[in-house]
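*Asks:* take a look and give me a structure for this.
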Amino acid sequence: MATGSVFRRRRRKVCSFCHSKDGSIDYRKLNVLHHYIDTRARIKNRRRTGVCAKHQRVLSKAIKRAREMALLPYK
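*Replies:* Numbering: from 1, shown residues only. The predicted structure is shown next:
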């Protein structure tokens, strides 16, 4: 064992949509959707964002709708 190594547990990420009062996901809320796409306009995964499975499905559909309406870029 290496001396001085510290094992830390990460805090579990909580779904921001389950936690907030207004947890609605809409394709017109671009300021919310921008947090869930990276610089190459790809949808971030659940591990990175901490969104639950239910809201991840809704979120990905909203991002795809916004792309179709030309509100968000494809690439």
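*Asks:* so what's Thr3 scoring on pLDDT?
*Replies:* Looking at Thr3, its pLDDT stands at 64.
*Asks:* element containing Lys61?
*Replies:* Here Lys61 sits within helix 53-68, counting by DSSP states H and E.
*Asks:* distance between that helix and the chain's centre?
*Replies:* 10 Å (CA atoms, centre = their mean, to the nearest Å).
*Asks:* got the contact list for it?
*Replies:* With CB atoms under 8 Å, 6 or more residues apart in numbering as the test, helix 53-68 has contacts from 15, 17-18, 23, 25-30, 33, 36-37, 43, 46, 49, 51, 72-74. The way it works is simple: take the backbone N, C-alpha and C, and place the C-beta from them, glycine included.
*Asks:* next, the buried residues of it.
*Replies:* His55, Gln56, Leu59, Ala62, Ile63, Ala66, Arg67 (16 or more other CB atoms under 10 Å).
*Asks:* any idea of the mean pLDDT for that helix?
*Replies:* Mean pLDDT, helix 53-68: 95.
*Asks:* can you start the count at 2 instead of 1 from here on
*Replies:* Sounds good: first residue 2 from here, last item helix 54-69.
*Asks:* nearest to Arg9, of the buried residues of helix 54-69?
*Replies:* Gln57 (26.3 Å; CB to CB).
*Asks:* where exactly do the helices run in the chain?
*Replies:* Using DSSP state H, the helices of the chain run over 17-20, 31-34, 47-50, 54-69.
*Asks:* how about those helices, which one is nearest Val7?
*Replies:* helix 47-50 (22.8 Å).
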